[in-house]
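> Sequence first, then the predicted structure:
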Amino acid sequence: MAIIHSIGRRKTSIARVYVDLGNGNIKVNDREFKEYFPTGPLQYIVTQAQTAVNAKEMYDINVTVDGGGIKGQAEAIRLGIARCLVKVNEEHKPTLRKEGLLTRDPRMVERKSRDKRKPVNASSSPNVNRSSISIFNQEFTIYNSIKCPEFHTTIYSKQVPTSAT
């Protein structure tokens, strides 16, 4: 088997992953991965794709990772390893797809707005309006209805009856 190459990305991290037959050694930037990722959760993230397809001690993996933070780097490596395992054996694809390991996470840090300290987006500046609704044949005026696009719902506060039936 020739050396298989793949790229994984997460946020601003880019991992170049090289897989070859071997006995399960993983090197990240010429260091052992347990030295590079000292905590258990990060080590689990790196080995998650191999564990899913029971190939933990079949391949030697050499990774060059750059940019971002340590968590983003670990997730970029996981994606790169999963893509390499699919190139090695196409039968691994349904298992890795079911675990969600072949999907790149598209979320990035939102840029700051001009002259602001924080990003301004739809969820931090809600739409507040005044409207009236009818519940059980009784008219209510809504003074503060906040639309939450993350939860696909509207939060109503301070309901005042406008007329009694």
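Perfect, I can see it now.
> helices or strands up against the one helix or strand L85 maps to?
Element membership for L85 (DSSP states H and E) is helix 70-88. When contacts are defined as 3 or more Cβ pairs under 8 Å, 6 or more residues apart in numbering; DSSP states H and E, helix 70-88 sits against strand 4-10, strand 13-21, helix 40-52, strand 59-66, helix 93-99. From N, CA and C alone the C-beta is placed, and that goes for glycine too.
> Look up how far L21 lies from D105.
Relative to L21, D105 is positioned 29 Å away (Cβ to Cβ, to the nearest Å).
> low-scoring stretches of the protein, by residue?
Low-confidence segments of the chain, defined by pLDDT under 70: 120-165.
> Geometric centre of it: which residue is closest?
With distances taken as Cα atoms, centre = their mean, D105 lies nearest the centre of the chain, 4.2 Å away.
> Pipe the helices and strands packed on helix 70-88 into CSV and attach distance to D115 and mean neighbour count per row.
What follows is these, written out as CSV (distance: least, Cβ to Cβ, whole Å; neighbours: other Cβ atoms under 10 Å):
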stretch, distance to D115, mean neighbour count
strand 4-10, 30, 19
strand 13-21, 29, 20
helix 40-52, 37, 18
strand 59-66, 32, 19
helix 93-99, 43, 15
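> Which residue is the nearest non-sequential neighbour of G24?
Leaving aside its sequence neighbours, G24 sits nearest to E57 (Cβ to Cβ, 6 or more residues apart in numbering; 3.6 Å).
> tell me the SS of the one you found?
What DSSP: H, G, I helix; E, B strand; the rest coil gives for E57 is coil.
> Roughly how far does it sit from R10?
According to Cβ to Cβ, E57 and R10 sit 25 Å apart.
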